[in-house]
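In: Whatever this is, show me its structure:
(one chain, ligands or ions: 1)
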Amino acid sequence: MPDTPPPDQIYCDYAATAPLRPEVRETMHQAGQLPGNPSSIHQSGQVAKVLLERARQTAADALGAEPREIVFTSGGTEANNTVFPGLLGSGDHVVTSMTEHPSVQRPLERLEPLGVTVTQVAPQANGMIQAGDIEAALRPNTRLISVMCVNNETGALADLDALGDVASRHGLLFHTDAVQALGKTPLDVNRSGIHFLSASAHKIGGPKGTGLLYARKGTPFHNLIAGGSQENSHRGGTENVAGIAGFARAIEIATAEYGELHSRLIGFRKILLGDLDDGNLSYNVNGTGTIPGIVNLQFPGVNGQALVMNLDGRGYAVSYGSSCASGSSEASHVLLAMGLTQAEATSAIRVSFGYATTREEVLGVAAALGDIVGKLQSDSLHAGKEATVE
Ligand SMILES: Cc1ncc(COP(=O)(O)O)c(C=O)c1O
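Out: Numbers count the residues shown, from 1 in each chain. As a prediction, the model looks like this:
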């Protein structure tokens, strides 16, 4: 048992991370008992190797890829960081979006002093990145398009087929950060003409600290982590066998449950928004064309961070912006890029549901929101300013 017991909370923050699935915990427990290093040629090593290669096959199947195109990493952040350096050099141009995760934005920024230029395309007001806008930003020296599949703050879903089509017509490489997409929307690297795809285990009930990079065979690839010849010489370091086995188990379950969970989440979203409507609250949903599990809500006149703290006090875990920005009261770069004002962006929160969410939990968070927001909005009306919470 952990020293610190889990809080007695209703968890509505699946976009930050999903609770570890019990089946995954069991798989990891078993894999963790294997003594061998998958690179060793003795039997113990080979047993670990078999497990690793089975996991690679599972991950490849989920993406329509070949096993040798899967590189296991320490997570989505490492996968994103691996794509750009080495691939891009002085004189190269990259087209990306203004709503990317920091693990795409920061590594690209680091390349700018080395002569790489980056264009960040604005989303539509609904949060979607249009393939036509990406195409309009191309230059003769563009080498790569990098656009996320599902936005972590709004859930906005990109049309990967259309983006891949732009890349292919112009002979460009195409990377997508699919950390919030794996298991939440069908992915097929060949149909969408994807060269690189990043994914992470912990958003689907796998372990934190495990992810993958799909790298199309024949595409230039540069190691971020140099060392031994593990991962087809694409990433040095003894593989995290238990984590990878757990990741594969999470992928298997997410794939098997996809249709049913998707419908359940659509229902939960309707319940949440229906309850807010019934409570006569003033609110907006930021983003359309989203995956159902992520709901970005803006409550005029309410401080989003205070709202998160108030919900926490009532036993509900939700987010202000993304989890990597937590602790920061700055307005979300995603919402600002969508055209929200500073005041609008700081009055938003993200509620996200997943595999273990129940109808009662959705009703509970909706009721708590109605209660707290109702009070804050009436306070703010009377005070004539944005309400915060004591
Ligand atoms: C869109 C997106 N990309 C990348 C990451 C980083 O993934 P990881 O936590 O596995 O490093 C996240 C996680 O928050 C994410 O939401």
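In: Check which helices and strands the lengthiest helix in the chain is in contact with.
Out: Longest helix in the chain by number of residues (criterion: DSSP state H): helix 241-278. Where contact means 3 or more C-beta pairs under 8 Å, 6 or more residues apart in numbering; DSSP states H and E, helix 241-278 is packed against helix 22-32, helix 43-63, strand 294-298, helix 359-383. For the C-beta atoms, the positions are set from N, CA and C on the backbone; glycine is no exception.
In: out of the ones you listed, which comes closest to V308?
Out: Nearest to V308, of all these, is helix 359-383, at 10.2 Å by C-beta to C-beta.
In: Distance check, the nearest residue to R314 once chain neighbours are set aside against the ligand.
Out: Counting by C-beta to C-beta, 6 or more residues apart in numbering, R314 lies nearest to A368, which is 4.8 Å off, once chain neighbours are set aside. A368 is 24 Å from the ligand, where distance means C-beta to the nearest ligand atom, to the nearest Å.
In: Begin at 59 from now on, thanks
Out: In the new count, where the first residue is 59, that last one comes out as A426.
In: who's in contact with A426?
Out: For A426, the contact set (C-beta atoms under 8 Å, 6 or more residues apart in numbering) comprises L369, R372, Y374.
In: How much space separates M156 from I283?
Out: Here the distance between M156 and I283 works out to 29 Å (C-beta to C-beta, to the nearest Å).
In: likewise V179?
Out: Distance of V179 to I283, given as C-beta to C-beta: 30 Å.
In: So which of the two has more stuff around it?
Out: Higher neighbour count among V179 and I283: V179, with 19 against 16, using other C-beta atoms under 10 Å.
In: Test my guess that the more buried one contacts D191.
Out: Yes - between V179 and D191 there is a contact at 5.0 Å, judged by C-beta atoms under 8 Å.
In: For the stretch 159-308 of the chain, which segments count as strands?
Out: Ranges of strands within the stretch 159-308 of the chain are 175-179, 200-204, 231-235, 254-258, 269-273, based on DSSP state E, counting those that start in this stretch.
In: just the angle between the fourth one and strand 269-273, please?
Out: Computed with axes from the mean of the first three to the mean of the last three C-alpha atoms, to 10 degrees, the direction of strand 254-258 lies at 170 degrees from that of strand 269-273.
In: Next: the second one.
Out: Interaxial angle of strand 200-204 relative to strand 269-273 (the same axes, to 10 degrees): 140 degrees.
In: Now tell me what touches strand 200-204 from outside.
Out: Strand 200-204 is contacted by residues 141-142, 145-146, 150-154, 158, 162, 166, 192, 221, 224-225, 228, 230-235 when judged by C-beta under 8 Å, 6+ apart.
In: Could you rerun that using 6 Å?
Out: Residues outside strand 200-204 that contact it (C-beta atoms under 6 Å, 6 or more residues apart in numbering) are D150, H151, V152, V153, T154, V162, I192, A225, L230, L231, F232, H233.
In: so what's the closest residue to the ligand within the stretch 259-408 of the chain bridging to?
Out: Residue nearest to the ligand within the stretch 259-408 of the chain: G269 (4.8 Å; C-beta to the nearest ligand atom). Note on G269: beta-bridge partners T131, S258, judged by DSSP bridges.
In: Does it touch S258 like I think?
Out: Yes - here G269 reaches S258: they are 4.1 Å apart, a contact under C-beta atoms under 6 Å.
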